[in-house]
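Visitor: Quick one, what's the 3D model for this:
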Amino acid sequence: MGRKFYGVVFPFILGIGFVLSITPSSKAQKPQSSEGLDQTAQILDKIEEYNPLKQPPQTSKPFEELDQKKTKIVTDKNDNTLGQIEQYNQLDRPPEVPPPLERVNSVNQLSDVLPTDWAYSALQGLAERYGCLLASPNGTFSGNRAISRYEFAANLNECLEVIQSLIEEFGEGYISQEDLAKSQRLQADFAVEIADTKSRLNALETRTDILEANQFSTTTLLKGQVAMALYDAFGNDGEDGATVSADDSQMGFGHALTFNFDTSFTGRDFLRTRISAGDLPGVNTGTAMTFLNAGSPPNDIARLTEVYYIFPLNNEMSLYFGAAGLDFDLMAPALNPKLISGSIGSLALYPAYNPTIYIQVGGAGLGYSYQINDNFRLDLAYLGGGPGGGTGRVNDPNEGGGLFNGTNSAYAQLTVSPTLDFDFSFAYVRAYYTADLVNVAGFTGSQNAQRPFGRVATSADHFGFQTSYRWAPFTISGWVGYSNAEAEAGDREGDEADIWHWAVTVAIDDLVFENGMLGLSVGQQPKVTDIDNGEDDPDTSIQFQIFYSYRVSNNIDITSGFFVETQPEHNDKNDPILVFVTRSVWRF
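Guide: Sure, this is the predicted structure:
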């Protein structure tokens, strides 16, 4: 290969080594009458009886054990501002603190409290007469559950404020000296917890004021992603007549930046505006069969790559409008959930999803999704622009441009879900490509499959069958695709070509390390098997891929692995090409 051995394995070893190095070995209501005095005395007696200071102390877990407890990392969602405030506030709380309590105005709001319960009258008085009863946000009191000192202090503070308001309004004679002494003793016992609760509330209000004063927008969230990748390809020049080679490919270190402006006006609709820039072109081999997943055009040019709007018609139907970057995979499920992601999924482009269905013409247009029932879903779309979601000439009013006269595709997919863990779908795409935007195979496969008749206007009928089965910790997915392309102009007008491809992918969650995933794939990229007045692809190339992805935190992922194309361009004169990639992604 004309290189030292360490140059071959360096990117892969570097990525795996880095992965291994970071893995974890409101005011109370006024009393309605003086009858509340007796009830107050009973309540204070109960509070005194259940004073946690008089209960046997509980042994807490050592801090070392708490530090070693692993935390389940979840996929980030669109958290609202108040949710973020609460999240940051949790950082200052002791371990295992229950959710914040809420005031209950009526005991009937508590689903687990019945009139036959022995403490019903006491709870009724606290809630309805004095307004100082606190309960869980889910509408339960959990009367048989042990409470922490913080919960007790919060409830006690509510009732002390009620007593204080009674004294201020009716005088000290309204409350007996005995009851005052009990309340003062309880207040002294829990002075630290009450002060801490008030301090936390003040800090939370301050943070809320700061965020509200400096928030970007009341309807829009700004999210970003930075990707960096180290990659190289290896392979000899091949035999005489070879068409592609990785012998001249050099090790690259690329990057890509994405800003998403996600907007919602009603809480159910969604407007996405994306700006992308970067320089991550991938390896230099001369064939699309080694394209990387989630690459970026060179030269760090900022581009508006996505502008689309989604809104629900009802609980089952949604409409999609887009002016840029609206692709069919944003509407219809591609049924390859583990490898589709450019952050934690496949390193190679082809195993991400069926390219002749989901990397077809996109950009601008209209889509419709209908969740018929739990087992059936229908997705339809008409999109114009360019292959892979580029705008192409969709905004060009001249001949050969526009939404209907330029490159365009019509989509239909029926997804069937017999069980929660098993899905399959049938998809059809009718595509038309102008001479300058012919890409039948969707940036994958041989050059013959991408432009079977050369640079002439071409139409194609694409058929795809996709499936996915989940059997924890395994997820097995795959597809088979067939395309019939026809020349629409030139000397070969009317000629047809048949193109086939297939793939199987496997993902294993939490293998070796929690939050890690092993990914495997094998498949044949689009290949011309029959063509009128032309040459078929002479041989069959198989792509193999293996990678390991590790989620360092909710915001950082590292993926490292390699893939090999056995006979690039489906031509055995081309030597196999081996591609190593280590990719890191940061989200903010």
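Visitor: quick one: low-confidence parts of the stretch 201-350 of the chain?
Guide: By pLDDT under 70, the stretch 201-350 of the chain has no low-scoring segment.
Visitor: Could you rerun that using 90?
Guide: Applying pLDDT under 90 to the stretch 201-350 of the chain picks out residues 201-219, 221, 235-242, 245-249, 267, 294-299, 342-343.
Visitor: Show me how the protein divides into domains.
Guide: 36-62+76-214, 220-587 (automatic domain parsing).
Visitor: Name the stretch among those domains that sits most buried.
Guide: domain 220-587 (a mean of 20; mean count of other Cβ atoms under 10 Å). To be clear about C-beta, it is placed using only N, CA and C from the backbone, and glycine gets the same treatment.
Visitor: which stretch in the domains of the chain has the least confidence?
Guide: Across those, domain 36-62+76-214 has the smallest mean pLDDT, namely a mean of 65.
Visitor: hey, where'd the helices end up in the stretch 401-550 of the chain?
Guide: Under the criterion DSSP state H, counting those that start in this stretch, helices of the stretch 401-550 of the chain are mapped to 402-405, 447-450.
Visitor: Can you tell me which helices and strands the last one packs against?
Guide: I take that to be helix 447-450. strand 516-531 (3 or more Cβ pairs under 8 Å, 6 or more residues apart in numbering; DSSP states H and E).
Visitor: then the strand it packs on to CSV, C-alphas only?
Guide: Extracted in CSV, the C-alpha atoms of strand 516-531 (Å, rounded to 0.1, in the frame of the first residue of the first chain):
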residue,chain,number,x,y,z
GLY,A,516,-22.1,2.1,24.3
MET,A,517,-23.3,0.5,21.1
LEU,A,518,-21.7,-1.9,18.6
GLY,A,519,-22.8,-1.4,15.0
LEU,A,520,-22.4,-3.9,12.2
SER,A,521,-23.6,-3.8,8.6
VAL,A,522,-23.2,-5.7,5.4
GLY,A,523,-24.7,-4.8,2.0
GLN,A,524,-24.5,-4.4,-1.7
GLN,A,525,-24.7,-0.9,-3.0
PRO,A,526,-26.8,0.0,-6.0
LYS,A,527,-25.7,-2.0,-9.0
VAL,A,528,-26.9,-2.0,-12.7
THR,A,529,-27.9,-5.6,-13.4
ASP,A,530,-29.5,-5.0,-16.8
ILE,A,531,-29.4,-2.0,-19.2
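Visitor: Tell me which other helices or strands that strand touches.
Guide: So strand 516-531, by 3+ Cβ pairs under 8 Å, 6+ apart, packs with helix 447-450, strand 496-509, strand 543-553, strand 556-565.
Visitor: got a list of what the nearest residue to Val416 once chain neighbours are set aside touches?
Guide: In space, and not counting its chain neighbours, Val416 is closest to Phe424: 5.6 Å by Cβ to Cβ, 6 or more residues apart in numbering. Contact partners of Phe424, counting by Cβ atoms under 8 Å, 6 or more residues apart in numbering, are Leu335, Thr415, Val416, Phe465, Gln466, Thr467, Ser468.
Visitor: For Tyr428, state which of those residues is nearest.
Guide: Phe465 (10.6 Å; Cβ to Cβ).
Visitor: those strands in the stretch 201-350 of the chain, which residues are they?
Guide: 220-234, 252-263, 270-279, 303-312, 317-326 (DSSP state E, counting those that start in this stretch).
Visitor: so how far is Pro333 from Arg587?
Guide: Per Cβ to Cβ, to the nearest Å, Arg587 is found 22 Å from Pro333.
Visitor: need the helices of the stretch 401-550 of the chain in TSV with distance to Thr197, can you?
Guide: Putting the helices of the stretch 401-550 of the chain into TSV (distance: least, Cβ to Cβ, whole Å) gives the following:
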stretch	distance to Thr197
helix 402-405	60
helix 447-450	66
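Visitor: Out of the ones you listed, the one nearest His255 is which?
Guide: helix 447-450 (27.2 Å).
Visitor: hmm, who's touching the closest one?
Guide: Contacts of helix 447-450 (Cβ under 8 Å, 6+ apart): 287-288, 438-441, 443, 499, 501, 525-528, 531, 534-537, 569-570.
Visitor: 7 Å instead?
Guide: Ala288, Asn439, Val440, Ala441, Ile499, Pro526, Lys527, Val528, Asp537, Glu569 (Cβ atoms under 7 Å, 6 or more residues apart in numbering).
Visitor: Then stretch 325-332?
Guide: 274, 305-308, 320, 353, 357-358, 360, 362-365, 367, 369, 379, 381, 383, 389, 411, 413, 415.
Visitor: about what we covered before: between the helices and strands packed on strand 516-531, which gets nearest to Ser148?
Guide: Closest among the helices and strands packed on strand 516-531, once you apply Cβ to Cβ, is strand 543-553, at 28.3 Å.
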